[in-house]
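[1] Here's a sequence, model it:
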Amino acid sequence: MSALFNFRALLQVLLLLICSCTYIHAQWPSILDRYKDHSMLGAFWKFARIGERASPYVSLACIIMAVQQLSA
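    Presented below is the predicted three-dimensional model:
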């Protein structure tokens, strides 16, 4: 089943996208800062901002998703 039709998989994809964008922005900030004013590529910069500002909640969500994935 596609991640678009399964809500649990969609949340997992979004969480991984937030974590990945945050890591890329921490390692190479110029990559995402270059495109922050663009419409499509600016979304990755926004995902990085969400990961930076809400990092305790994002990490807690990662732990919860990992436990759910291992128990399922």
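
[2] contacting residues for the residue nearest in space to the middle of the chain?
    Nearest to the geometric centre of the chain sits I18, at 1.2 Å (C-alpha atoms, centre = their mean). Going by C-beta atoms under 8 Å, 6 or more residues apart in numbering, I18 touches F47, A48, I50, G51, V58. Every residue, glycine included, has its C-beta placed from N, CA and C.

[3] any idea how far it lies from S71?
    Plainly put, I18 is 22 Å away from S71 if you go by C-beta to C-beta, to the nearest Å.

[4] secondary structure class for D37?
    Using DSSP: H, G, I helix; E, B strand; the rest coil, the structure places D37 in coil.

[5] what phi and what psi does the backbone show at it?
    With angles defined as degrees, to the nearest 10, D37 sits at phi -90, psi 0.

[6] which stretches of the chain have low pLDDT?
    Low-confidence segments of the chain (pLDDT under 70): 1-4, 72.

[7] which residues of it fall in helices?
    7-27, 29-33, 42-53, 55-71 (DSSP state H).

[8] Can you say which of those is packed in most?
    Each of the helices of the chain was scored by mean neighbour count; the highest is helix 42-53, a mean of 17, by mean count of other C-beta atoms under 10 Å.
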